[in-house]
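[1] structure for this input, please:
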Amino acid sequence: MKNLIHIYDKNDFPIDQHSYGQTIVINELSKYQKKDFNIYLLTTVKPVTGQEAFYEVADKSVKESLGINVVRINKGTNNAETMSNMYECIRSLDGQSMVDLHFMTASRLLEKERTPNIKTMAHWHCLSDLYSFGPHMRRPDDYKRMNGYLEDKLIDLNIGVSEHVKESFKYFPNMHKNMNVVMNGVNEQLYTPLNVDERTTLREECLKISPKATVIGYVGRMQELKGVDIIKNLLEKLESQNDETYFVFASSNGLDRTNFFKYVEDNCSELIDSKRIRIGFDISKFLTGQKEYDNLVSESFKSSLSNDGITDSEIYAGLFTTPLVQLLDIYLHPARSEALGLSVVEAQMAGTRTIASYIGGIPEVITDIKNNRLVPLPLDINIPYPKTNDELILKSRAVEQAATDFMDAIEKFKGMPYDFDTANKIRKSVLLRDNPLTSERMAYQTTKLINKVFE
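    Numbering: from 1, shown residues only. I've put the predicted structure just below:
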């Protein structure tokens, strides 16, 4: 049996605070690939004092439920030494191995001597501009190295998570030509439309919100890249409305979440006083059904939220063991850049009306434009690093315009009663298509491509 090795580098597993998207993709792939591969995940994260029991149970649980062998590699004094330690681990495995680079800091593995039994693949979860001009790629030598990897075919298999990702690499001709598109998928059993009575009961239990209210929600990182400044502007508009409109966040990412939480406390007093805003965490996708592990996951996230000062707040909504997108009237996703948008796929699979940016791979997901809305963003909203007052003003106006456009779309959906038949139509738009956006299809296509490399 071949080995499939996921390189997670310095990111935590299975509950990394930053890279939930990649974590979920690995988890969902592994559910179906464990029958075809010996699956390993290499990370340099070691248990900190006091958390040894959690990691012991976590590593055991993901092995039993997902077939993932977590290998915690010694971190070197520099990246090159760390990657060398990882490479030695890979070379010690029997048989053929496919090394999946989810984070391109791990691309230094490619500088090592390779053998016929070791092949490399890269999962491109973001658009090319984030790799080429992001914080870790600003130095010319980094860009030159990356360009060499792409053009000299040191990566045996490239997988982009949407057609838009592939198109974004058009300035790397060989890369663009040889990239395979395998759209990410989600667990279709977890994200399902609820019947009216079940939905009403769960909304009252989980959110403590009136059944008559319009509930808008967002799941993801609270970063500018994901449109957090647009969300803040929207909250200011909702502040002035005295109606039954609520906003619920299931946010990840420690520091960004902390900063956003502070912003809400300092600027949204009307929403807080009227109990129309909630912040919690959706852990449904991390649960395995193994009680000991699931309890540890819950405690880990509670601890993180507590450290951020959220658990004692009146706006804290707790941990959601039911997917939040199932309980919303409108899912909002005002991202500036998006390769595909797992949260958008989850909302569509759950049958939730979605208002999202007309950007990146999102239009590949949202095809039911009758029950969803795609909102074009003003061009000036993507001024990356405003340096002059004029640029700051242009960007600020663009954010204001985007928030207004999203608010207009919200107004068109507000007050629409939940309709199980409509929810099923939305679900079918991602399920009944040539490439259904499911985990099983994603794993099947990925496995087929991996096996082809070894032919």
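[2] and Ile159, what are its phi and psi?
    With angles defined as degrees, to the nearest 10, Ile159 sits at phi -120, psi 120.
[3] meant to ask about Ala317, not that
    phi -100, psi 0.
[4] mind listing what it touches?
    Applying C-beta atoms under 8 Å, 6 or more residues apart in numbering to Ala317 gives the contacts 206-208, 248, 278-280. Backbone N, C-alpha and C define where each C-beta goes, glycine included.
[5] repeat the analysis, applying 6 Å as the threshold.
    Taking C-beta atoms under 6 Å, 6 or more residues apart in numbering as the criterion, Ala317 is in contact with 278, 280.
[6] wait, doesn't Lys216 sit right on Glu244?
    Lys isn't right for residue 216; it's Ile. No: at 11.4 Å, Ile216 and Glu244 do not qualify as touching, with contact defined as C-beta atoms under 6 Å.
[7] who has more neighbours, these two?
    Ile216 (23 against 15; other C-beta atoms under 10 Å).
[8] pretty sure that one is in a helix, no?
    No: read with DSSP: H, G, I helix; E, B strand; the rest coil, Ile216 is strand and lies in no helix.
[9] excluding chain neighbours, what is closest to it?
    Nearest residue to Ile216, sequence neighbours excluded (C-beta to C-beta, 6 or more residues apart in numbering): Ile330, at 4.7 Å.
[10] quickly list what that neighbour is bridged to.
    Ile216, Arg353 (DSSP bridges).
[11] just give the number of residues close to it.
    Ile330: 24 neighbours (other C-beta under 10 Å).
[12] now it: how far from Asn372?
    10 Å (C-beta to C-beta, to the nearest Å).
[13] ok, now Glu236?
    The gap separating Glu236 from Asn372 is 25 Å, by C-beta to C-beta.
[14] where do the strands sit along the stretch 1-150 of the chain?
    Remark: strands assigned in the stretch 1-150 of the chain by DSSP state E, counting those that start in this stretch are 2-9, 37-43, 68-72, 97-101, 118-124.
[15] can you redo those as a markdown table with mean neighbour count, mean pLDDT and distance to Asn267?
    Output for those, formatted as a markdown table (neighbours: other C-beta atoms under 10 Å; pLDDT from 0 to 100; distance: least, C-beta to C-beta, whole Å):
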| stretch | mean neighbour count | mean pLDDT | distance to Asn267 |
| --- | --- | --- | --- |
| strand 2-9 | 23 | 87 | 36 |
| strand 37-43 | 21 | 93 | 38 |
| strand 68-72 | 18 | 91 | 41 |
| strand 97-101 | 23 | 90 | 41 |
| strand 118-124 | 22 | 87 | 37 |
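[16] how about a markdown table for the ones you listed, with distance to Ala53 added?
    Formatted as a markdown table, those follow (distance: least, C-beta to C-beta, whole Å):
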| stretch | distance to Ala53 |
| --- | --- |
| strand 2-9 | 21 |
| strand 37-43 | 18 |
| strand 68-72 | 15 |
| strand 97-101 | 29 |
| strand 118-124 | 31 |
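[17] could you say which one of those comes nearest to Lys428?
    Nearest to Lys428 among the strands of the stretch 1-150 of the chain is strand 118-124 (27.5 Å), distances taken as C-beta to C-beta.
[18] looking at Glu236 and Asn372, which is more packed in?
    The residue with more neighbours, out of Glu236 and Asn372, is Asn372; 24 against 15, by other C-beta under 10 Å.
[19] now do the contacts for that one.
    Asn372 sits in contact with 354, 366, where contact means C-beta under 6 Å, 6+ apart.
[20] for it, what are phi and psi?
    Residue torsions, per degrees, to the nearest 10, at Asn372 are phi -140, psi 170.
[21] what pLDDT does the model give it?
    We note a pLDDT of 98 for Asn372 in this prediction.
[22] how about Asp256, what does it touch?
    Asp256 touches 221-223, counting by C-beta under 6 Å, 6+ apart.
[23] before we move on, what about Ala403?
    230, 233-234.
[24] by neighbour count, which of these wins?
    Ile230 (28 neighbours).
[25] relative to Pro173, how far out is the nearest residue to that residue once chain neighbours are set aside?
    The shortest distance from Ile230 to any non-neighbouring residue, by C-beta to C-beta, 6+ apart, is to Pro334 (4.2 Å). Per C-beta to C-beta, Pro334 is found 33 Å from Pro173.
[26] neighbour count: the two, which is higher?
    Between Pro334 and Pro173, counted using other C-beta under 10 Å, Pro334 has the larger neighbour count: 25 against 11.
[27] okay, the more buried one and Gly289: tell me how far apart.
    Distance check for Pro334 against Gly289: by C-beta to C-beta, it reads 34 Å.
[28] in which helix or strand does Tyr263 reside?
    Tyr263 belongs to helix 254-267 when elements are defined using DSSP states H and E.
[29] which is the succeeding secondary structure element to that helix?
    helix 269-273.
[30] give the rounded mean pLDDT of whatever helix or strand comes next after that following helix.
    With elements assigned by DSSP H and E, the helix or strand that comes after helix 269-273 is strand 277-282. Average pLDDT, strand 277-282: 88.
[31] strand 277-282 vs helix 254-267, what angle?
    Here the directions of strand 277-282 and helix 254-267 differ by 160 degrees (axes from the mean of the first three to the mean of the last three C-alpha atoms, to 10 degrees).
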